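[1] Only the shape, not the letters, is given here:
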């Protein structure tokens, strides 16, 4: 992304890497160009998430072990065990984040009472310092640079909890500095009934006069 000469210039390098066995060529991601390259590990990872022909949208793919998998409440599984959707925290401009590049930023829902959830001053973008939190591959949270403002794309408690847990884990492991969340979807978090507030509190964020804070 953003390379001089575009994909055509990179293609020759990738083709040479394929000939040497370092990468594989194939049609891995539907909707993108046919000339796609990936490492063997990436292909195996994609296959582990694939669904059989005829499986409905509700069919759950197998979930490989992942260091970003979070703990807490999740969707019910066989035997009453709770399975938390896998979540990952990425820099918004990271090539691994497809939103705003290969995919458009998802449309935000409209609250019939409060109007559009996203204030006009806060729009997602591939900005330096901003973060995207993906849960099961879907954009769930967008963290503005500095962490004061969050945008969300779901009200599902399990998805929000997985995203909040992943965000908290990145703080505790030192990937991020302390976070003080002041606004969620354009509104103040203190005194709010926003479902994201409960998820952040469960993840370890605590109330301060400025907002919900978490330190390493």
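    Noted; the coordinates are in hand. Remember, predicted model here, so these are calculated numbers, not experimental data.

[2] For residue 100, grab the count of nearby residues.
    By the measure other CB atoms under 10 Å, the count of residues near residue 100 is 18. Just so you know, the C-beta spots here come from the backbone N, C-alpha and C atoms, and that holds for glycine as well.

[3] Show the pLDDT at it.
    We note a pLDDT of 92 for residue 100 in this prediction.

[4] you'd agree it is up against residue 130?
    No. The pair residue 100 and residue 130 fails to qualify as a contact (CB atoms under 8 Å) at a distance of 9.9 Å.

[5] shared neighbours, these two?
    Any residue near both residue 100 and residue 130 by CB atoms under 8 Å, 6 or more residues apart in numbering counts here, and that gives 92, 124.

[6] Would you mind measuring from the residue nearest the centre of the chain to residue 163?
    With distances taken as CA atoms, centre = their mean, the residue of the chain nearest its centroid is residue 134 (1.4 Å). For residue 134, the distance to residue 163 equals 8 Å [CB to CB, to the nearest Å].

[7] before we move on, the earlier item: gap between the residue nearest to the centre of the chain and residue 39?
    Distance from residue 134 to residue 39, by CB to CB: 20 Å.

[8] And for residue 176?
    From residue 176 over to residue 39 (counting by CB to CB), the distance is 27 Å.

[9] These two: who's more crowded?
    Legend: neighbour count by other CB under 10 Å for residue 176 and residue 39, higher for residue 176 (18 against 12).
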